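Visitor: any chance you can model this:
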Amino acid sequence: MAERTVDFGATRVSPAEKDRRVRGVFDAVADRYDLMNDLMSLSTHRLFKRMAVEMARLRAGHRVLDLAGGTGDVAALVAERVGSTGAVFLADVNAAMMARGRDRVLDRGAANVGFVQADAQSLPFPDAAFDATLIAFGLRNFTDKEAALGEVRRTLKQGAPLVVLEFAKVVNPVLGRAFAAFKSTWPVLGAAVTGSAAPYRYLVESIEQHPDQGALRLVMLDAGFRDVTYHNLAFGAAAIHRGFK
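Guide: Reported below is the predicted structural model:
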């Protein structure tokens with residue numbers, strides 16, 4: 001029987017090899033990750049993250065999981081919403097990214113954020129632990145998306161939302177070609193800013209391999225989420241999906 005393979009950008013590798021390569025990608029860019037996000041998105045990623053947090057319907061006292069939380073943008077926003085009686089858990093498999101996130105969140109004075117190095121496919125949290133989960137620009141990097149979504153569902157309370165912000169497919173063909181041309185500059189920009197083009201070649205390829213809006217909705221439904229809807233951002237360059245346990 002042939003060994004199972006998964007996508008790593010435009011190539012197929014073993015699940016263990018994808019885990020290793022994804023860790024390498026984020027180890028390489030952790031120090032300049034936020035700067036590159038601002039440059040590549042013209043800072044719109046910050047607005048998109050605020051919109052995702054709005055869609056999570058958070059209240060004071062909520063316990064929230066920020067999965068693949070990286071450098072802490074979403075966790076900081078959530079911490080403000082849930083207040084001192086609530087709690088945010090920033091979970092990420094990559095230690096370098098999470099260290100960067102810890103520094104940034106603590107610098108902002110958020111005392112209600114915990115940090116957990118964890119694999120999304122095997123979360124170290126009990127059943128029904130969270131009132132909401134957010135994943136911002138992280139789902140496409142998961143080796144087994146279905147397993148990760150199953151773990152998210154397990155750790156959510158009944159009726160709680162999962163909000164996924166991710167790159168998507170531009171709906172207008174002309175704008176789609178323009179966005180493709182813009183994306184093609186990211187490896188060059190990455191080489192200039194971080195000294196390495198390879199992580200940004202992977203970024204572009206991973207966007208191309210990621211399910212489009214309708215397909216991701218079906219993936220979430222298959223994982224057991226209900227009432228799954230999506231909202232296009234920037235003509236579909238990104239999208240926010242929301243479903244409920």
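Visitor: state the distance from the nearest residue to D212 once chain neighbours are set aside to A237.
Guide: Excluding the flanking residues, the one nearest D212 by Cβ to Cβ, 6 or more residues apart in numbering is K169, at 4.2 Å. Backbone N, C-alpha and C define where each C-beta goes, glycine included. Applying Cβ to Cβ, to the nearest Å, the value for K169 to A237 is 9 Å.
Visitor: with L156 instead?
Guide: Distance, L156 to A237, by Cβ to Cβ: 28 Å.
Visitor: center of the chain - which residue?
Guide: Centroid-nearest residue in the chain: G138, 2.4 Å away (criterion: Cα atoms, centre = their mean).
Visitor: that residue contacts L65, doesn't it?
Guide: No. Taking Cβ atoms under 8 Å as the definition, G138 is not a contact partner of L65, at 11.7 Å.
Visitor: how about residues contacting the lengthiest helix in the chain?
Guide: Ordering each helix of the chain by length in residues (DSSP state H) puts helix 15-29 first. Applying Cβ atoms under 8 Å, 6 or more residues apart in numbering, the external contacts of helix 15-29 come out as 4-8, 13, 33, 36, 70, 93-94, 96-97, 141, 143-144, 190, 194, 196, 198-199, 202.
Visitor: in strands only, show me these.
Guide: Using DSSP state E, V6, D7, F8, V13 are the members of these that sit in strands.
Visitor: highest neighbour count among these?
Guide: Counting neighbours by other Cβ atoms under 10 Å, the top entry in those is F8, with 23 neighbours.
Visitor: what's the spacing between the nearest residue to it once chain neighbours are set aside and R57?
Guide: Of all residues not flanking F8 in the chain, K18 sits nearest, at 4.7 Å (Cβ to Cβ, 6+ apart). From K18 across to R57, the span is 33 Å (Cβ to Cβ).
Visitor: more neighbours, these two?
Guide: K18 (21 against 15).
Visitor: re the thing from before, please convert the buried members of the contacts of helix 15-29 into PyMOL selection syntax.
Guide: Per 16 or more other Cβ atoms under 10 Å, the buried members of the contacts of helix 15-29 correspond to this PyMOL selection:
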select buried, resi 6+7+8+13+33+36+70+93+94+96+97+141+143+144+190+194+198+199+202
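Visitor: H231 and A238 touch, don't they?
Guide: No. H231 is not in contact with A238 according to Cβ under 8 Å; the separation is 9.7 Å.
Visitor: which one's more surrounded, these two?
Guide: Legend: neighbour count by other Cβ under 10 Å for H231 and A238, higher for A238 (25 against 14).
Visitor: would you report the backbone torsion angles of that one?
Guide: As for A238, its main-chain torsions (degrees, to the nearest 10) stand at phi -140, psi 170.
Visitor: what's near enough to touch the closest residue in space to A30 that isn't next to it in sequence?
Guide: Residue nearest to A30 in three dimensions, not counting chain neighbours: A96, with 4.0 Å by Cβ to Cβ, 6+ apart. The contact partners of A96, taken as Cβ under 8 Å, 6+ apart, are F26, D27, A30.
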